[in-house]
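Asks: sharing a sequence plus its predicted fold:
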Amino acid sequence: MRKWWPLAAICLGTFMLLVDVTIVTVALPDIAADLGTTLSDVQWVVDVYALALASLLLGVGSRADRIGRRKVYLTGLIVFTAASVVCAVAPSAGVLIGARAVQGLGAAGMFGTTIALLGMHYSGRERGVAFAVWGATNSVAAAAGPLVGGLLTQYLDWRWIFFVNLPVCLIAVVMTLRSVREAKGLGRQRADVLGMVTFTVAGGALTFGLIRAHSDGWAAPFTLGLFAAAAVALTLFVVVETRHEHPILDLSLFRRPSFTGLMVGALFLQGAAFAYLLYESLWMQSVLGYEPVQAGLYILPMCASAFVASALTGRFGPWPPRVSIAGGLALIALGAGMQATLGAGSSGSSLVAGLVVSGLGVGLVTPSLSAAALATVPPERGGMAGGAVNTFRQLGFALGIAVFGVIFQSRIERVLRADGGVPDPHGTAVALSGGQARSVVAAWPEGGRAEMAHLVRDAFASGLNAMLIAAAALGAVASLFVVATVRVPTAGAERRKPEAGTSPQEQETAADAVR
């Protein structure tokens, strides 16, 4: 059993950092009330963590190849733990948001090295089992966050969603020190600092611009300025990466159709499967009046089905990556579409069947995606590949929240305008999308509150349907793209077929990685 201790240490840290992506979704109303700020402002507690995690993963993974993957993972664990304590005692929204950004930095150190560490400790069928367990951990953590957050918020206090990280992370530190060995891939080469900075600025400005478009409008000067900054930073990133001797992301990898297909699959996975959970949680709490635990329980079936699918992948797999990844994305699309049937009289139970189907898709995609990414690069680029997969996943989540927020609010505003009885459709739509449904109804003249409550439920359901249809479209497009591009053999294959644009030396190196 000692051979599985590294897997346990890595999965424990991974579970905590991914739970913290979604654990705050059901606690946002309580956080806003306790800290005396608006729910819309406190939503940055979700966005800034995902954004910091996504923006820094790529640089961390590449840097870990040089200074040591175990060292970076441990450092990330310690930073994450310390930032969690600051989050738990934060006296204001500003301190909480800042601590969440630091928490995302620590999480990037952990998440950016997990795939490479697993690939280093396991091979053959054991590697398939390890990635299946790690994939199940990913799936369960992301889907279980709302339930765990609901339990802690309702029966203790929202601050416990951060306090709980302390003992778990300390155990993970001890296990890592005792079982995970160190490895470096590329030695002490010159760091690509400019590449890390430009990528971070590009991702941050783009996400922030989408969020501001949600509240200020697409034509607002500040919103346009953010989009321009993102475009400039992305252009600089491409220029820097093509000229740097040791880039954080070797852009020549995108000449390989399989690598490109895997990155697109990773980007759309989180957005299509998880980004809408924040808005469904707001609907259940602010419109339907559910308690945090009740809202979390309706999301629990997604967690269970994801775990089952990942376990079956480990037991009966591995299957060809193109089959499991494309099939999983198709299930995610189907699950989102099944949920897009809400109306004014719908309840949380209307989501369950679709969430179960989406969870099955998540459980299929996650372990296969990571293993396939390792098989497309030389072993010494394992940190880069792992960082790239996880970067695109978390960037998809951060962008998904922002994009879906725009779709959600726009649809609500359209329903309110069509009714004709709301004097300020835009302002009311902003309030509703910020989770202030009860306040909107309470402020309405007493004689018309019943009609307004029905209109709010109808508008909210319509907004969710539009968002879920967009999520289904993302999953379907990603599935088709993976079918068309990915040609990576089943994990454990002795050789992989040559790929367009791959030299004989690269083919042999990649075959070694699969072995």
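Replies: Yep, that arrived. All values derive from a computational prediction rather than experimental measurement.

Asks: by contact count, what packs against the helix or strand harbouring residue 114?
Replies: Here residue 114, judged by DSSP states H and E, is contained in helix 93-121. Judged by 3 or more Cβ pairs under 8 Å, 6 or more residues apart in numbering; DSSP states H and E, helix 93-121 is in contact with helix 5-22, helix 28-35, helix 39-42, helix 44-67, helix 69-88, helix 124-155, helix 352-375, helix 382-419. For glycine as for every other residue, the C-beta is placed from the backbone atoms N, C-alpha and C.

Asks: show me what counts as buried in the one helix or strand residue 194 maps to.
Replies: Assigned by DSSP H and E, residue 194 falls within helix 193-216. Along helix 193-216, these residues count as buried under the neighbour rule (16 or more other Cβ atoms under 10 Å): 194-215.

Asks: can I get it as CSV, trimmed to CA atoms?
Replies: Once non-C-alpha atoms are left out, helix 193-216 reads as follows in CSV (Å, rounded to 0.1, in the frame of the first residue of the first chain):
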residue,chain,number,x,y,z
VAL,A,193,9.1,36.0,-16.4
LEU,A,194,7.7,38.2,-19.2
GLY,A,195,5.7,35.3,-20.5
MET,A,196,4.1,34.7,-17.1
VAL,A,197,3.3,38.4,-16.7
THR,A,198,1.8,38.9,-20.1
PHE,A,199,-0.3,35.7,-19.9
THR,A,200,-1.6,36.7,-16.4
VAL,A,201,-2.5,40.2,-17.6
ALA,A,202,-4.2,38.8,-20.7
GLY,A,203,-6.3,36.4,-18.7
GLY,A,204,-7.1,38.8,-15.9
ALA,A,205,-8.1,41.7,-18.2
LEU,A,206,-10.3,39.5,-20.4
THR,A,207,-12.2,38.0,-17.4
PHE,A,208,-12.5,41.4,-15.7
GLY,A,209,-13.7,43.0,-18.9
LEU,A,210,-16.4,40.3,-19.2
ILE,A,211,-17.5,40.9,-15.6
ARG,A,212,-17.7,44.7,-16.1
ALA,A,213,-19.6,44.2,-19.3
HIS,A,214,-22.1,42.3,-17.2
SER,A,215,-22.7,45.3,-15.0
ASP,A,216,-21.6,48.4,-17.0
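
Asks: how far off centre is it?
Replies: 16 Å (Cα atoms, centre = their mean, to the nearest Å).

Asks: skip ahead from it and say which helix or strand is next.
Replies: Counting by DSSP H and E, what follows helix 193-216 is helix 221-243.

Asks: what angle sits between that next one and helix 193-216?
Replies: 160 degrees (axes from the mean of the first three to the mean of the last three Cα atoms, to 10 degrees).

Asks: got the CA coordinates for helix 221-243 in CSV?
Replies: Extracted as CSV, the C-alpha positions of helix 221-243 are listed here (Å, rounded to 0.1, in the frame of the first residue of the first chain):
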residue,chain,number,x,y,z
PRO,A,221,-15.0,53.0,-21.8
PHE,A,222,-13.5,51.0,-18.9
THR,A,223,-14.9,47.7,-20.4
LEU,A,224,-13.4,48.5,-23.8
GLY,A,225,-10.1,49.5,-22.2
LEU,A,226,-9.9,46.1,-20.5
PHE,A,227,-10.6,44.2,-23.7
ALA,A,228,-7.9,46.3,-25.5
ALA,A,229,-5.4,45.5,-22.7
ALA,A,230,-6.2,41.8,-22.9
ALA,A,231,-5.6,41.9,-26.7
VAL,A,232,-2.3,43.7,-26.3
ALA,A,233,-1.1,41.4,-23.5
LEU,A,234,-2.0,38.3,-25.5
THR,A,235,-0.2,39.6,-28.6
LEU,A,236,2.9,40.3,-26.4
PHE,A,237,2.6,36.8,-24.9
VAL,A,238,2.7,35.2,-28.4
VAL,A,239,5.7,37.3,-29.4
VAL,A,240,7.6,36.5,-26.2
GLU,A,241,6.9,32.8,-26.3
THR,A,242,8.1,32.5,-29.9
ARG,A,243,11.4,34.2,-29.0
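
Asks: elements contacting the next helix or strand after that helix?
Replies: For helix 221-243, the following helix or strand on the C-terminal side (DSSP H and E) is helix 257-273. Judged by 3+ Cβ pairs under 8 Å, 6+ apart, helix 257-273 is in contact with helix 321-339, helix 352-375, helix 382-419, helix 449-485.

Asks: at 10 Å what do you get?
Replies: helix 124-155, helix 321-339, helix 352-375, helix 382-419, helix 449-485 (3 or more Cβ pairs under 10 Å, 6 or more residues apart in numbering; DSSP states H and E).

Asks: packing partners of the next helix or strand after that helix?
Replies: Next in sequence after helix 257-273, counting helices and strands by DSSP H and E, comes helix 277-282. Applying 3+ Cβ pairs under 10 Å, 6+ apart, one finds that helix 277-282 contacts helix 5-22, helix 28-35, helix 124-155, helix 292-316, helix 352-375, helix 382-419, helix 425-433, helix 449-485.

Asks: closest one to residue 342 among those helices?
Replies: With Cβ to Cβ as the measure, helix 449-485 is the member of the helices and strands packed on helix 277-282 nearest residue 342 (3.9 Å).

Asks: just the mean pLDDT for the closest one, thanks.
Replies: Computed over helix 449-485, the mean pLDDT rounds to 90.

Asks: now it: buried residues?
Replies: 452-453, 455-472, 474-476, 478-479, 481-483, 485.

Asks: go on, stretch 95-102?
Replies: For stretch 95-102, by 16+ other Cβ under 10 Å, it's 96, 97, 98, 99, 100, 101, 102.

Asks: on that earlier part again, ok, which of the helices and strands packed on helix 277-282 comes nearest residue 336?
Replies: helix 449-485 (4.0 Å).

Asks: between the helix holding residue 114 and helix 382-419, how many degrees?
Replies: Calculated by the same axes, to 10 degrees, helix 93-121 forms an angle of 140 degrees with helix 382-419.

Asks: what about helix 93-121, average pLDDT?
Replies: Rounded mean pLDDT across helix 93-121 is 83.
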